[in-house]
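Visitor: only geometry, no sequence info:
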């Protein structure tokens with residue numbers, strides 16, 4: 001019924017194995033994969049490529065080097081024409097992992113050839129490292145119990161001439177079971193250390209994958225607690241280091257970058273002041289002065305003219321300042337992006353990476369707001385200076401008096417250096433060049449230039465200081481506490497945002513469940529392997545295994561939990577011990593803790609057998625095929 005469910009009733013073959021488990025405390029266990037017979041002609045209801053499908057299926061099982069191949073053929077068929085041995089040689093050319101099983105020995109037409117093949121002597125015989133075993137099973141129409149069949153087989157070989165020259169270890173199903181048991185023990189002894197290491201490595205790998213997954217928070221309160229901790233991590237690991245600390249030449253802090261920008265900005269403003277005494281600028285002042293000539297005495301500065309030039313200079317100053325604001329906040333954004341990138345690349349904190357997008361949006365919004373705030377503050381400050389020029393700062397008059405002391409010097413109408421004795425040291429960047437006037441109009445222009453230069457110098461000095469302080473506050477000193485406060489408000493204002501980012505999505509949830517189950521299975525296997533190293537051994541003389549032997553099928557994701565046991569009720573193999581049931585672990589591994597226990601798997605397919613082939617999937621399990629049913633012989 002199970003075969004029909006899986007393979008249908010059309011004599012097709014399938015890739016999936018049908019697994020049967022039969023438990024008996026008095027028999028040995030062997031793991032068998034019974035492969036379908038090699039059909040050359042498709043029957044009714046079978047696909048035309050049935051032969052190719054079967055060959056591919058056989059290749060899949062016999063290709064691995066760990067496999068043991070049980071190649072079975074009847075004694076009444078010439079071994080040279082058997083396709084099974086040809087396939088075995090394709091993957092095991094030296095015959096190191098192939099056992100030959102000769103069935104229907106009662107139908108052998110040439111008993112001498114049977115003896116030669118069992119002894120592997122003479123011409124036209126196949127040589128295998130693991131040798132051959134002859135068996136005589138009950139036929140399909142015989143109504144015999146297994147005990148009766150074994151007794152009949154034993155009697156047959158005692159009366160057969162091959163028993164005179166062939167060792168009993170090569171005759172009968174019991175001999176085959178003993179041979180497989182011995183081979184099984186040898187394989188376990190060889191592969192057990194490797195299996196232990198593989199299990200250990202797999203367990204470590206699964207644990208590493210689990211640690212890389214974000215922690216699981218089952219309540220909103222737990223998610224909020226974790227969120228607040230991650231806010232502090234974000235501030236301390238990304239914001240503060242990039243703002244305040246220089247990483248030994250690896251990157252410059254925001255404070256250092258701002259200082260460099262401020263020095264560049266100061267130099268631009270100084271160069272702007274130096275333009276005031278250039279001939280081309282003096283010509284513009286002289287032209288505006290002539291437009292107001294006669295409205296007031298020459299020694300009085302025309303306030304409208306002074307205001308006109310101040311407003312023109314303010315426009316230039318704002319252009320420089322606006323560029324400085326944009327550059328400073330652009331640098332800030334770039335530094336934060338670099339810090340976030342380093343955290344993502346290191347992948348040290350999975351939860352922080354999950355929240356990085358949210359934190360980045362909040363930080364970007366804050367910086368844009370601060371940028372606009374600084375922009376509005378500085379623009380409003382310059383707007384105040386667009387009113388009539390005004391100051392109570394004595395620096396203005398001190399600068400004016402400094403340059404007025406040179407009005408009577410020079411008669412050539414060009415710029416000259418002020419004598420050292422007449423200069424007043426009131427700054428490290430004072431312009432020591434003054435215009436030398438020879439006429440009254442020129443003296444009026446000179447008065448205006450001195451007033452304009454002195455007032456502009458005062459204005460820029462106070463504005464540069466205010467601008468740099470505002471930018472430092474907006475880009476440095478208020479950033480961390482303000483962003484921390486904003487991020488801490490999110491659970492209150494947008495609780496769904498925290499749940500959205502810190503709850504497991506479907507992929508993470510499924511991945512966690514899968515890895516957790518795999519870890520549980522591997523842990524059970526690991527505990528069995530390592531529960532008592534002193535008690536885990538293979539005794540070939542007594543043919544026993546203690547504590548743990550393992551059969552690995554394909555992958556931990558595909559559990560194999562069913563097995564079938566071939567019953568042997570002969571006195572030589574029966575055990576009176578109370579044996580514990582075979583321990584199975586749903587991980588792709590099966591363990592047989594009791595002594596004298598070898599696990600056996602069986603898989604069948606709804607295809608008539610025309611030749612027989614068996615294969616053990618992986619070490620240390622073994623498999624063999626069942627002989628074709630016939631009305632004659634067995």
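Guide: Structure's in. What do you need? Treat the numbers as computed from the prediction; the structure is a model and nothing was measured.
Visitor: quick one: low-confidence parts of this structure?
Guide: Of all residues in the chain, those with pLDDT under 70 make up the ranges 10-11, 27-30, 80-81, 246-250, 291-302, 347-348, 404-441, 531-634.
Visitor: if we go to 50?
Guide: Where the chain drops to pLDDT under 50, the residues are 406-426, 428, 433, 437-439, 534-613, 615-634.
Visitor: Domain map for it?
Guide: Following automatic domain parsing, the chain resolves into domains at 2-205+509-615, 220-503.
Visitor: Output those in TSV; the columns should cover distance to residue 214 and mean neighbour count.
Guide: Any C-beta I mention is one placed from the backbone N, CA and C, and that applies to glycine too. Rendered in TSV, the data for those read as follows (distance: least, Cβ to Cβ, whole Å; neighbours: other Cβ atoms under 10 Å):
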stretch	distance to residue 214	mean neighbour count
domain 2-205+509-615	9	17
domain 220-503	4	16
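Visitor: closest one to residue 212 among those?
Guide: domain 220-503 (6.4 Å; Cβ to Cβ).
Visitor: how long is that closest one from one end to the other?
Guide: Across its full length, domain 220-503 reaches 9 Å end to end, with Cα to Cα, to the nearest Å as the criterion.
Visitor: between the domains of the chain, which one is nearest to residue 211?
Guide: The closest of the domains of the chain to residue 211 is domain 220-503. By Cβ to Cβ, the value is 9.1 Å.
Visitor: Might you calculate how far that closest one sits from the centre of the chain?
Guide: Averaging C-alpha coordinates over domain 220-503 and over its chain gives two centres that are 46 Å apart (Cα atoms, centre = their mean, to the nearest Å).
Visitor: Going along the chain, name the strands of the stretch 451-600 of the chain.
Guide: 538-539, 544-545, 550-552, 583-585, 589-591 (DSSP state E, counting those that start in this stretch).
Visitor: What of the chain?
Guide: Counting by DSSP state E, one finds strands in the chain at the ranges 69-74, 98-103, 132-134, 415-417, 433-435, 538-539, 544-545, 550-552, 583-585, 589-591, 612-615.
Visitor: ok, residue 16 touching residue 6?
Guide: Yes - counting by Cβ atoms under 8 Å, residue 6 is a contact partner of residue 16 at 6.0 Å.
Visitor: Need the domains of the chain in a markdown table (columns: distance to residue 213).
Guide: Supplementary listing: those in a markdown table, determined by distance: least, Cβ to Cβ, whole Å:
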| stretch | distance to residue 213 |
| --- | --- |
| domain 2-205+509-615 | 6 |
| domain 220-503 | 7 |
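Visitor: Can you give me every residue that contacts the nearest residue to residue 508 once chain neighbours are set aside?
Guide: Spatially, and ignoring its direct neighbours in sequence, residue 508 is nearest to residue 213 (6.2 Å; Cβ to Cβ, 6 or more residues apart in numbering). Residue 213 sits next to 350, 508, 511-512, 515 when contact means Cβ atoms under 8 Å, 6 or more residues apart in numbering.
Visitor: give me that answer again for 7 Å
Guide: Residue 213 makes contact with 350, 508, 511-512 under the criterion Cβ atoms under 7 Å, 6 or more residues apart in numbering.
Visitor: Show me which of these is closest to residue 489.
Guide: When these are compared for distance to residue 489 (Cβ to Cβ), residue 350 wins out at 24.2 Å.
Visitor: any idea how far the closest residue to that closest one other than its chain neighbours is from residue 522?
Guide: Sequence neighbours aside, residue 214 is the residue nearest to residue 350 in space, at 4.3 Å (criterion: Cβ to Cβ, 6+ apart). Using Cβ to Cβ, to the nearest Å, one gets 22 Å for the distance from residue 214 to residue 522.
Visitor: Same question for residue 243.
Guide: According to Cβ to Cβ, residue 243 and residue 522 sit 46 Å apart.
Visitor: Also residue 199?
Guide: Using Cβ to Cβ, one gets 6 Å for the distance from residue 199 to residue 522.
Visitor: who does the longest helix along the chain touch, helix- and strand-wise?
Guide: Of all the segments of type helix in the chain, defined by DSSP state H, the longest one is helix 303-346. The contact analysis (3 or more Cβ pairs under 7 Å, 6 or more residues apart in numbering; DSSP states H and E) places helix 303-346 against helix 240-244, helix 254-274, helix 279-291, helix 350-384, helix 440-472.
Visitor: can you tell which of these is closest to residue 121?
Guide: The closest approach between residue 121 and any of the helices and strands packed on helix 303-346, judged by Cβ to Cβ, belongs to helix 350-384 at 67.5 Å.
Visitor: list the helices and strands that closest one packs on?
Guide: Helices and strands touching helix 350-384, by 3+ Cβ pairs under 7 Å, 6+ apart, are helix 220-234, helix 303-346, helix 440-472, helix 479-493, helix 495-502.
Visitor: Which one of these lies nearest to residue 528?
Guide: If you check each of those against residue 528 by Cβ to Cβ, helix 220-234 wins as the nearest, at 35.3 Å.
Visitor: what angle do the closest one and helix 303-346 make?
Guide: Going by axes from the mean of the first three to the mean of the last three Cα atoms, to 10 degrees, helix 220-234 is angled at 120 degrees with respect to helix 303-346.
Visitor: contacting residues for the residue nearest to residue 350?
Guide: In this structure, residue 214 makes contact with 350-351, 354, 508, judged by Cβ under 7 Å, 6+ apart.
Visitor: let's go with 8 Å and repeat that
Guide: Contacts of residue 214 (Cβ under 8 Å, 6+ apart): 350-351, 354, 502, 504, 508.
Visitor: try residue 97
Guide: For residue 97, counting by Cβ under 8 Å, 6+ apart, the contacting residues are 65, 67-69, 129-130.
Visitor: Please identify which of those is nearest to residue 475.
Guide: For the contacts of residue 97, the closest approach to residue 475 (Cβ to Cβ) belongs to residue 65, at 65.3 Å.
Visitor: Okay, helices next: where are they in the stretch 1-150 of the chain?
Guide: The residue ranges that make up the helices of the stretch 1-150 of the chain, judged by DSSP state H, counting those that start in this stretch, are 2-7, 50-62, 83-91, 111-119, 146-159.
Visitor: Would you mind giving the ones you listed as TSV with distance to residue 23 added?
Guide: TSV is the format used below for the helices of the stretch 1-150 of the chain (distance: least, Cβ to Cβ, whole Å):
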stretch	distance to residue 23
helix 2-7	18
helix 50-62	25
helix 83-91	31
helix 111-119	34
helix 146-159	16
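Visitor: right, so of these, which gets closest to residue 387?
Guide: Evaluated with Cβ to Cβ, those place helix 50-62 nearest to residue 387, the distance being 91.6 Å.
Visitor: got the angle for that closest one vs strand 98-103?
Guide: Counting by the same axes, to 10 degrees, helix 50-62 lies at 130 degrees to strand 98-103.
Visitor: Report the angle between helix 50-62 and strand 69-74.
Guide: Using the same axes, to 10 degrees: helix 50-62 against strand 69-74 is 140 degrees.
Visitor: helices and strands around helix 50-62, which ones?
Guide: Applying 3 or more Cβ pairs under 8 Å, 6 or more residues apart in numbering; DSSP states H and E, we find helix 50-62 packed against helix 83-91, strand 612-615.
Visitor: Fine by me, we can end here.
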